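Q: predicted model, plus sequence, below.
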Amino acid sequence: MKNNNPICLYCNKPSEKVTGREVYPHRRDLYNKIFYRCVPCGAYVGCHPGTDRPLGRLANAELRKAKSEAHSLFDPLWKSGQLSRGSAYHWLQKQLGISQKECHIGMFSLELCQKAIEACKKRNQEHLTTGSILTGGPLVTPGLTESLCCQDNLTHIVI
């Protein structure tokens, strides 16, 4: 039977399927979750809920931290309703110069995570400075019939 466990990009060894009990022994809430772990490196990745399909690539501590930071800066773009999830990923894809298929933070390298972090920080700073909130669609303001467009083809509401 073929082993479909992800190969570690750090040491080229196959990972092993384990439970959260082995990766996070102090987190009972993760005991039933599935992970892939590289024993020689200690890199690991969680799986989509209820499956053994990895959420991304095996990651060491440095990359896991970078992915976490990238998500913490990026996810509010769509979770807050400022943009649809698809529009947010389209924006990120354009900022990073990558394809839609490649635009998945779970699969990013350390370098790509750092670029995503910088793009999100820059966007947040620009919108704080200009006093605008980014939205995913046309501007809806009583008495205003046009959308205000900018270079990134997203709509801004000026405060």
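A: That came through, no problem.

Q: now the residue positioned nearest the centre of the chain. Nearest residue, chain neighbours left out?
A: What sits nearest the mean C-alpha location of the chain, by C-alpha atoms, centre = their mean, is Ile105, with 3.5 Å. The shortest distance from Ile105 to any non-neighbouring residue, by C-beta to C-beta, 6 or more residues apart in numbering, is to Ala70 (5.1 Å). Any C-beta I mention is one placed from the backbone N, CA and C, and that applies to glycine too.

Q: got the contact list for the one you found?
A: By C-beta atoms under 8 Å, 6 or more residues apart in numbering, the contact list for Ala70 reads 105, 108, 113, 116-117, 120.

Q: of these, which belong to helices?
A: Using DSSP state H, the subset of the contacts of Ala70 located in helices is 113, 116-117, 120.

Q: which of the three states applies to the closest residue to Gly106 other than its chain neighbours?
A: Of all residues beyond its chain neighbours, the one nearest Gly106 is Gly56 (2.3 Å), with distances taken as C-beta to C-beta, 6+ apart. Secondary structure assignment for Gly56 (DSSP: H, G, I helix; E, B strand; the rest coil): coil.

Q: do you know how far Gly56 is from Glu62?
A: 14 Å (C-beta to C-beta, to the nearest Å).

Q: show me which pair in the contacts of Ala70 is furthest apart.
A: Greatest spacing in those, by C-beta to C-beta: Phe108 and Cys120 (12.6 Å).

Q: quote the end-to-end distance of stretch 39-48.
A: 21 Å (C-alpha to C-alpha, to the nearest Å).
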